[in-house]
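Colleague: Let me see the structure of the following:
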Amino acid sequence: MSNALTQYLELYRAQRATILGHSPAALNALRPAALQSLEATPLPRKGQEDYEAFDLEAVLAPDYGVNINRLEFAGHDVDHGCTVPNLSTRLYTIVGDTFHASRPAHADDEVLVTSLAQAPEQLLAEHYGSVATLQRPIVALNTLLAQDGLLVHAPAGKVTHRPLQVVNIFNAAAPVMAVRRTLIVAEPGSHVQVLVCDHTQHAEQDYLSVQVVEIIAMEGATVEYYDMEESTPRTHRLSSLHVRQHEGSNVLVNGITLLNGTTRNEYHISVDGPNASTTLLGMAIASGEQHVDTLSHIAHNAPRCKSDEMFKYVLDDHAVGAFAGKILVRENCPRVEAYQGNRNLCASSTARMHTKPQLEIYTDDVKCSHGTTIGQLDEEALFYMRSRGIGRELARTMLMQAFMSDIIDGVRLEVLRDRLRHLVEKRFAGDLATCAGCNLKKK
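Modeller: Below is the predicted model of the structure:
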């Protein structure tokens, strides 16, 4: 067994009664299987399939504290501390891994947003853990230790008139591991928009986020999920997102890494009903010693579906990026259209990018393609811009921002799209120390 995992398994065994006592029954029901999976399967090592450039053992090895006793950290009073100008949202905060509502839920709210501890038992029993597989080590560890989390439930036909904004905050004065769990259930014909922002307030502290997101889009439902990370070089993030789509559903996932330390984002999407549409987009801007690792897997298990996937990286200094993506089309699933792309820009000779796109097709009458590129800034374009009086650094910034434009354009919320353009511009210019419009100041 991995030495990195041993400390967490021993913690669970020693604190099992406390963990069970603080958790809903649906969360406790899956812990034995999670423990068995972690005990039986060694952690994948760097260089193995799906982990070509990522050292999971090293990320889990440090001794992080875990909030087993559900202590209250300062910072839950920042209800309106993070806003996107001109965008009206229903705002919620998760401090460490503890959920805080900005206001009490009302009976006339079109979509229920609450903690897993307060969620309807039948809803949890039916859907919690039904999408995320325990064979993934991040999922198994999260399932073993998670005591609470976030539930978003859109009843049939309901539409979010205001996007839901969730702010994940690290602000502890000591190294902490946050075990974050999210469940989004969109019933038939509903439409839900969720914006998640990751923030770190103490740049000098080491933090680890182990998070799992499950999204269930039922018949004709639409789900938009925007995930923005703006943390610190000493923040480590292990994120595993799992989606199940039913007939005629439409799901957009857009993952954005603006600032980070070491990040591993996994996307597992199962398209189980015909005429479903999937859009998976992502962008990462990394410099210094930052590391951004992406794994994606879209499985088409039904005919007449469409998926569009594009991930883009801009890497500078000694940053490292990795992308491993697979599109699977199973037997008896004709008329599937699936497109996968990975485009990468290395702005320095010392930046490194690893990329591995894959197609696996077991049926005829499909339109599928994939491709990847790794390049540097266009020197001819730089020369042209400088000859028109534009300084070299500004010209570099403009070219890198233009490179990311199609990922930004994939954001369906116009106000958020405009704000993201501004944040990306500041990030490339080296001015982004905290998200503009955010009062969660770094210490």
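Colleague: drop to CA atoms for contacts and neighbour counts, all remaining ones
Modeller: Fine.
Colleague: quick one: stretch 258-269 to chain centroid distance?
Modeller: Centre-to-centre, stretch 258-269 and its host chain are 6 Å apart (CA atoms, centre = their mean, to the nearest Å).
Colleague: now could you export just the CA positions of that stretch as CSV?
Modeller: C-alpha atoms of stretch 258-269 as CSV (Å, rounded to 0.1, in the frame of the first residue of the first chain):
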residue,chain,number,x,y,z
LEU,A,258,-5.7,31.2,-13.8
LEU,A,259,-3.4,30.8,-10.8
ASN,A,260,-2.4,27.6,-9.0
GLY,A,261,0.3,25.5,-7.6
THR,A,262,-0.2,21.8,-8.6
THR,A,263,-3.5,20.9,-10.2
ARG,A,264,-5.0,17.6,-11.4
ASN,A,265,-8.4,17.9,-13.1
GLU,A,266,-10.2,14.8,-14.2
TYR,A,267,-13.4,14.9,-16.3
HIS,A,268,-15.4,11.7,-16.8
ILE,A,269,-18.6,12.1,-18.9
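Colleague: hang on, Leu399 packs against Ile390?
Modeller: No: here Leu399 does not reach Ile390: they are 11.8 Å apart, not a contact under CA atoms under 8 Å.
Colleague: all strands for the stretch 1-150 of the chain, in order.
Modeller: For the stretch 1-150 of the chain, strands defined by DSSP state E, counting those that start in this stretch occupy the ranges 65-66, 90-95, 98-101, 112-115, 150-154.
Colleague: got the contact list for the third one?
Modeller: Just to be clear, that refers to strand 98-101. With CA atoms under 8 Å, 6 or more residues apart in numbering as the test, strand 98-101 has contacts from 70, 76, 79, 91-94, 114-115, 148-150.
Colleague: Which secondary structure elements does the top helix by length along the chain sit against?
Modeller: Secondary structure of the chain per DSSP state H: the longest helix is helix 414-428. Helix 414-428 makes packing contacts with helix 392-403, helix 405-409 when contacts are defined by 3 or more CA pairs under 8 Å, 6 or more residues apart in numbering; DSSP states H and E.
Colleague: With distance to Met310 and mean pLDDT added, can I get those in JSON lines?
Modeller: Converted to JSON lines, the helices and strands packed on helix 414-428 look like this (distance: least, CA to CA, whole Å; pLDDT from 0 to 100):
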{"stretch": "helix 392-403", "distance to Met310": "12", "mean pLDDT": "77"}
{"stretch": "helix 405-409", "distance to Met310": "8", "mean pLDDT": "91"}
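Colleague: Include distance to Gly288 and mean neighbour count when you put those into TSV, please.
Modeller: Converted to TSV, the helices and strands packed on helix 414-428 look like this (distance: least, CA to CA, whole Å; neighbours: other CA atoms under 10 Å):
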stretch	distance to Gly288	mean neighbour count
helix 392-403	16	17
helix 405-409	23	16
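Colleague: low pLDDT regions in the protein?
Modeller: 1, 73-86, 102-108, 378-380, 382-385, 432-443 (pLDDT under 70).
Colleague: can you give me the helices for it?
Modeller: Remark: helices assigned in the chain by DSSP H are 3-14, 16-21, 25-29, 31-40, 56-60, 121-127, 137-145, 379-387, 392-403, 405-409, 414-428.
Colleague: Tell me which of the helices and strands packed on helix 414-428 lies nearest to Leu56.
Modeller: Nearest of the helices and strands packed on helix 414-428 to Leu56, taken as CA to CA: helix 405-409 at 27.7 Å.
Colleague: send the alpha carbons of the closest one over as PDB?
Modeller: Below are the C-alpha coordinates for helix 405-409, written out as PDB (Å, rounded to 0.1, in the frame of the first residue of the first chain):
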ATOM      1  CA  SER A 405     -10.400  33.500 -27.200                       C
ATOM      2  CA  ASP A 406     -12.400  30.500 -28.300                       C
ATOM      3  CA  ILE A 407     -12.400  29.000 -24.800                       C
ATOM      4  CA  ILE A 408     -13.600  32.200 -23.300                       C
ATOM      5  CA  ASP A 409     -16.200  32.500 -26.000                       C
END
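Colleague: Residues touching it, excluding its own?
Modeller: Contacts for helix 405-409 (CA under 8 Å, 6+ apart): 281-283, 310-312, 417, 420-421.
Colleague: and if we set it to 10 Å?
Modeller: Outside helix 405-409, the residues within contact range by CA atoms under 10 Å, 6 or more residues apart in numbering are 254-256, 280-283, 310-312, 401-402, 416-421, 424.
Colleague: hmm, which of those residues are the buried ones?
Modeller: 254-256, 280-283, 310-312, 401, 416-417, 419-421, 424 (16 or more other CA atoms under 10 Å).
Colleague: Return the distance of Cys197 relative to Met228.
Modeller: Taking CA to CA, to the nearest Å as the measure, Cys197 and Met228 are separated by 5 Å.
Colleague: What of Val95?
Modeller: Val95 is 16 Å from Met228, by CA to CA.
Colleague: Please state the offset of stretch 151-163 from the chain centre?
Modeller: 20 Å.
Colleague: Check stretch 397-405 too.
Modeller: Centre-to-centre, stretch 397-405 and its host chain are 23 Å apart (CA atoms, centre = their mean).
Colleague: Among the strands of the stretch 1-150 of the chain, which comes closest to Leu56?
Modeller: With CA to CA as the criterion, Leu56 lies closest to strand 65-66 of those, at 17.9 Å.
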